[in-house]
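In: Sequence and computational prediction follow.
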Amino acid sequence: MKYRRGLGAVVLVFGIGWVTSAAVTAHRAHLALNLPESIANSLRPKEAEAVQQAVNHLSLHASLDLLLAALAFISAYGILRERKWAPPLWLTVVTTVAIGSVIAIALKPAQWFNYIGAPALCFVSWLVICGGGRKRAVQGPHDILPDGPMTPEEIALVASLEPATIARIDAALMSHALPYDRKVAMIVAKAMGDVAAIAPNVPDLFFAERIKALVASGQLVARGDLNYMRFSEVKLRDS
């Protein structure tokens, strides 16, 4: 997706912010818990109780900040690495509202938006970009025709390609394959950009055919029907 990296960076910044907030809050709790002996001994019972309540409050705040930071980092990882194992939508909503409610009750209503809106941004962006929260079927839908075929002009163009050019295309395709599943259409699009100077008019269908050849040779592992490049995925073979 066009803005995947930017959105992933924003979510990552949220996580870093929550970690910083947790560290500062935990430090404040530590200072309150370890008052100088002269001050601690001079506190009245109600004052000592108030200090203990403040420590409990700060400790809860720091713990919840760390939880939110963990959710943000997981979300950022899912966005930046294009993972497909986001949680179901219902679990996202329940978790987000539950965490926001606990924090809002423990702290103050003015922070409802911060502590519900920000986690919601993390999860919704993750879900939208990474596939709706469940492992998606990669087979082409029955109402969508398979890719191709190439036109006679495209076939003639492909037949005229030099072996060195085909090797460059294969290398470009392999350079964009990853150790985990990645959409064939995305790999094809990136590879076409890489070799545009030496193969400017080669159709995407030929790149998809080269993906099939790389799978057949054992260099890539496929998941789904490769006749549907938008609904199939490949990854590097495990070493």
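Out: On my side now, so go ahead.

In: Contacts only, for residue 41.
Out: Neighbour list for residue 41: empty [criterion: Cβ atoms under 8 Å, 6 or more residues apart in numbering]. Just so you know, the C-beta spots here come from the backbone N, C-alpha and C atoms, and that holds for glycine as well.

In: Roughly how far does it sit from residue 151?
Out: Noted for residue 41: a distance of 90 Å to residue 151, by Cβ to Cβ, to the nearest Å.

In: again, but for residue 232
Out: 22 Å.

In: So this structure: which segments form each domain?
Out: Residue ranges for each domain of the chain read 4-130, 152-236, as given by automatic domain parsing.

In: where does the chain dip in pLDDT?
Out: 1-4, 7, 78-144, 239 (pLDDT under 70).

In: now the strands: where do they sit in it?
Out: For the chain, applying DSSP state E gives strands covering 182-183, 220-223, 233-236.

In: The shortest one pairs with which strands?
Out: What it means is strand 182-183. strand 233-236 (antiparallel) (DSSP bridges).

In: How about the partner strand, which residues are buried there?
Out: For strand 233-236, burial by neighbour count (16 or more other Cβ atoms under 10 Å) applies to 233, 234.

In: could you dump it to PDB, C-alpha only?
Out: Extracted C-alpha coordinates of strand 233-236, given in PDB (Å, rounded to 0.1, in the frame of the first residue of the first chain):
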ATOM      1  CA  GLU A 233       1.900 -15.300  -2.700                       C
ATOM      2  CA  VAL A 234       5.400 -16.600  -2.800                       C
ATOM      3  CA  LYS A 235       8.400 -16.600  -0.400                       C
ATOM      4  CA  LEU A 236      12.000 -17.700  -0.500                       C
END
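
In: Show me what the longest helix anywhere in the chain is packed up against.
Out: Ranked by residue count and defined by DSSP state H, the top helix of the chain is helix 45-80. Packing partners of helix 45-80 (3 or more Cβ pairs under 8 Å, 6 or more residues apart in numbering; DSSP states H and E): helix 4-33, helix 89-106, helix 118-130.

In: how about residue 225, phi and psi?
Out: In terms of degrees, to the nearest 10, the main-chain angles of residue 225 are phi -90, psi 110.

In: ok, it touching residue 233?
Out: No: between residue 225 and residue 233 there is no contact under Cβ atoms under 8 Å: 10.6 Å.

In: Nearest approach to residue 169 belongs to which of the strands of the chain?
Out: Closest to residue 169 of the strands of the chain is strand 220-223 (Cβ to Cβ; 13.8 Å).
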